[in-house]
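Chemist: got a sequence here, can you build the structure:
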Amino acid sequence: MERREFLIAAGGVAAGLGLGPLIALEPARATTAEMQEAIRKVVGAARVNPGRVKLDLPPLSENGNAVPLAVSVESPMTAADHVRAIHVFTEKNPQPDVVSFYLGPRAGRASVATRIRLADTQTVVAISELSDGSFWSASASVVVTLAACLEEA
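Modeler: Residues are numbered from 1 along each chain as shown. Presented below is the predicted three-dimensional model:
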């Protein structure tokens with residue numbers, strides 16, 4: 001059997017089983033509950049406090065393929081008091097844990113910037129982990145007019 005014949009037969013079987021809609025291009029999305037679970041994996045049972053974190057995102061993004069994101073944390077960045085990590089989470093992307101940045105006192109300042117892909121209009125959450133074991137957070141909503149993160153199911 002040639003490859004083309006196999007693909008035609010497999011497509012016919014899939015259509016016969018009603019699997020046609022599974023092949024359509026649909027955005028893959030996590031849920032708010034999955035984002036909360038991803039956050040729980042990072043912070044464990046620790047309390048996440050609001051404040052000390054500044055999350056800069058545009059309130060409106062024409063294209064979700066490259067949304068600028070900057071996160072900074074109020075910290076003296078000394079050996080005794082510094083930011084260990086900055087984690088970014090989204091509620092509607094295929095993977096809710098977008099990126100983690102690991103820092104130390106030699107970083108000088110707790111500030112990172114990048115671009116992220118956003119699947120849809122959603123809330124982005126940044127959580128910082130400090131050297132004393134505390135967690136601080138900020139969130140921002142972004143309206144996305146052209147979604148990114150489309151995957152074939």
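Chemist: lowest mean pLDDT among the helices and strands, pick that one out for the chain.
Modeler: Ranked by mean pLDDT, DSSP states H and E, the weakest helix or strand in the chain is strand 25-27, scoring a mean of 51.
Chemist: next helix or strand past it?
Modeler: Note on strand 25-27: by DSSP states H and E, the next helix or strand toward the C-terminus is helix 32-43.
Chemist: packing partners of the helix or strand just after that next one?
Modeler: From helix 32-43 onward toward the C-terminus, using DSSP H and E, the following helix or strand is strand 48-50. Where contact means 3 or more C-beta pairs under 8 Å, 6 or more residues apart in numbering; DSSP states H and E, strand 48-50 is packed against strand 135-144. Yep, even glycine has a C-beta here, placed from its N, CA and C like the rest.
Chemist: angle of the strand it packs on against helix 32-43?
Modeler: Orientation of strand 135-144 against helix 32-43 (axes from the mean of the first three to the mean of the last three C-alpha atoms, to 10 degrees) gives an angle of 150 degrees.
Chemist: for strand 135-144, which strands pair with it and how are they oriented?
Modeler: Partners of strand 135-144 in the sheet, by DSSP bridges, are strand 48-50 (parallel), strand 60-61 (parallel), strand 122-130 (antiparallel).
Chemist: and for the longest one, what's in contact with it?
Modeler: I take that to be strand 122-130. By C-beta atoms under 8 Å, 6 or more residues apart in numbering, the residues outside strand 122-130 that reach it are 35, 39, 42-43, 48, 52-53, 55, 57, 69, 71, 73, 75, 81-93, 98, 110, 116, 118, 135-142, 144.
Chemist: equivalent analysis for the shortest one, please.
Modeler: Counting by C-beta under 8 Å, 6+ apart, the neighbours of strand 60-61 from elsewhere in the structure are 67, 118, 142-145.
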